[in-house]
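Asker: predicted model follows, preceded by the sequence.
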Amino acid sequence: MKTVVLTSETSVDHYTGTGHPERPDRVSYIIKNLKKISKDKISWETSSYFDKDLLNITHTQNYIQEVESAFPSKGLHFLDGDTIISPGSRNASFDAVGSIIKAIDLVQNKKNKNAFCAVRPPGHHAEKNKAMGFCIFNNVAVGAKYLLKKYKLKKIAIIDFDVHHGNGTQDIFYDNDKVLYISTHQYPFYPGSGSNNEKGKFNNILNIPLPAGTNSEEYLNAYERVLSKLAEFKPDFILFSAGFDAHKDDPLAQFQLTSTDFYTLTKRTLEISKNLCHGKVVSILEGGYDLNALMESTDMHVKALLEFN
């Protein structure tokens, strides 16, 4: 079986205004680079329609209605100080969610061994009832809810290696004993959450806050805690919130990781996933705002996915 990369033609239609770091070029750079990989090694799919009820069990109905009515027919609209939507944002937002649903189906039904969703907007800051930090719908949270509802899985793990804490994902699953959320992130930093004390109602939240300036060795040593918690939890499926803004060249944070570190952390996770969940892993893009660093880092991430057997 091959690794599958999922894309959405509408991702580039989500226009956020001149100078905004979360811009259409992010996915364009990633996809153009990954297209260099031989089709013998990788398969490509596009996002599909999904049951909107999955949004209703992830976000509040009031919030979904507010967002739907906020998509403008022209110009830009601010959902919060950082989260900007335009006429193309509606389809892009729904297709980002649809990509992780389709990826899960492909992996769970053994059509593909694992998957990476190269889509935008990102999602991990979106809470049950609030848009935040460039995020509209919480893509990875909807994916976890789908695994629980459609496939009746008992335990889902979400690993978030974005440099910013995924407050939204934590908010959605804080009292859910079936979902383990693990986050490595710069702290204290935006959005201000993610301390050691935030453990979830069922000890199902593991935050690993790290200081600005954290280098490769320090980060990868800390990542061993991620793997230990995974081994303890024994998930049936693993989802990555794959943010690449911990890279040393990223303009929005102060970690000092290199592109190859994303290969290393992905490979380590895949190795332990063999015995835990038969390697069932789906990854979806979150942050990463230096285009060259993002291109290199996603290349390393996907390389590890491709090599997994």
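Answerer: Done, it's in.
Asker: can I assume V119 sits in a strand?
Answerer: No: V119 sits outside any strand when classified using DSSP: H, G, I helix; E, B strand; the rest coil, being coil.
Asker: SS state for the spatially most central residue of the chain?
Answerer: The centroid of the chain falls nearest to S241 when counting by C-alpha atoms, centre = their mean (2.6 Å). Following three-state DSSP, S241 is assigned to strand.
Asker: show me what contacts the closest residue to it other than its chain neighbours?
Answerer: Nearest non-adjacent residue to S241, counting by C-beta to C-beta, 6 or more residues apart in numbering: D160, 3.7 Å away. C-beta here means a position set from N, CA and C on the backbone, and glycine is covered the same way. Shown in contact with D160 (C-beta atoms under 8 Å, 6 or more residues apart in numbering): 124, 140, 166, 169, 181-185, 240-241, 243, 286.
Asker: can you show me the strands along the stretch 1-150 of the chain?
Answerer: Listed in chain order, the strands of the stretch 1-150 of the chain (DSSP state E, counting those that start in this stretch) span 3-7, 42-46, 77-78, 84-85, 114-117.
Asker: nearest to K303 among the contacts of D160?
Answerer: Set against K303, the nearest of the contacts of D160 by C-beta to C-beta is F240 (14.4 Å).
Asker: let me know the pLDDT of the nearest residue to that closest one once chain neighbours are set aside.
Answerer: Nearest residue to F240, sequence neighbours excluded (C-beta to C-beta, 6+ apart): S283, at 3.7 Å. Per-residue confidence at S283 stands at 99 (pLDDT).
Asker: what does the one helix or strand S283 maps to contact?
Answerer: Here S283, judged by DSSP states H and E, is contained in strand 281-285. Applying C-beta under 8 Å, 6+ apart, the contact partners of strand 281-285 are 26-27, 30, 96, 99-100, 103-104, 107, 114-120, 122-123, 139-140, 143, 237-243, 266, 269-270, 273, 298, 301, 305, 308.
Asker: what about the stretch 151-300 of the chain, any weak spots by pLDDT?
Answerer: The stretch 151-300 of the chain contains no residues with pLDDT under 70.
Asker: which residue ranges form the strands in it?
Answerer: 156-160, 179-186, 205-210, 237-242, 281-285.
Asker: so which of those strands is the most surrounded?
Answerer: strand 281-285 (a mean of 28; mean count of other C-beta atoms under 10 Å).
Asker: what strands line up against that strand, and which way round?
Answerer: strand 114-117 (parallel), strand 237-242 (parallel) (DSSP bridges).
Asker: how far does it sit from its chain's centre?
Answerer: Centroid separation for strand 281-285 versus its chain: 6 Å, with C-alpha atoms, centre = their mean, to the nearest Å.
Asker: tell me what angle that strand forms with strand 156-160.
Answerer: Angle, strand 281-285 to strand 156-160, by axes from the mean of the first three to the mean of the last three C-alpha atoms, to 10 degrees: 40 degrees.
Asker: tabulate the CA atom coordinates of strand 281-285 in PDB.
Answerer: Presented in PDB, the C-alpha positions along strand 281-285 are these (Å, rounded to 0.1, in the frame of the first residue of the first chain):
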ATOM      1  CA  VAL A 281      -1.800   7.300  10.900                       C
ATOM      2  CA  VAL A 282      -3.400  10.300   9.200                       C
ATOM      3  CA  SER A 283      -1.600  13.700   9.300                       C
ATOM      4  CA  ILE A 284      -3.100  17.100   8.500                       C
ATOM      5  CA  LEU A 285      -1.300  20.400   8.000                       C
END
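Asker: tell me the angle that strand makes with strand 3-7.
Answerer: Going by the same axes, to 10 degrees, strand 281-285 makes 30 degrees with strand 3-7.
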